[in-house]
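Colleague: test case, fold it:
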Amino acid sequence: MKKQSYRDLLAWQRAMDLVDEIYSTVRNFPNYEMFALATQMRKAATSIPCNIAEGQGRFSLRDFRHFLREARASALELETEIIIANRQGYFDSERAEKLLEQASRVGQLINGLIRHISKRIQGE
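Modeller: Residues are numbered from 1 along each chain as shown. Prediction:
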């Protein structure tokens, strides 16, 4: 059986879509935020698919699960940063809700992967 690529994982694909949305959104932030909150949001967003990919490339399921947990934590960090940016008026509530929904969906997909991997670990 051929090993699945991280690029085949729906969680990774949706996380990449979220990265695109975040990069597009922060382009419109005020100049004084380009090296503060905008940078933090880009880092948190890119951390999600990067951790999924790195974990999938590891040789153990326990390592994969660890990196998935890191990805989930980055998704939650990003949600908080989205709320902060919205509260500061950097984008409207409609945009915030769309981004929060995307981040939440990515988190749900990651949670599903964590549950799946945890069951496989228990079966070892």
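Colleague: distance of the residue most central in space within the chain relative to K119?
Modeller: Centroid-nearest residue in the chain: I48, 3.4 Å away (criterion: Cα atoms, centre = their mean). I48 is 22 Å from K119, where distance means Cβ to Cβ, to the nearest Å. Where C-beta positions appear, they are placed from N, C-alpha and C, glycine not excepted.
Colleague: buried set for stretch 52-62?
Modeller: Buried residues in stretch 52-62, defined by neighbour count with 16 or more other Cβ atoms under 10 Å: 52-56, 61.
Colleague: farthest-apart pair in those, please.
Modeller: A53 and L61 (15.6 Å; Cβ to Cβ).
Colleague: returning to what we had before: what helix or strand is the residue nearest to the centre of the chain located in?
Modeller: helix 37-56 (DSSP states H and E).
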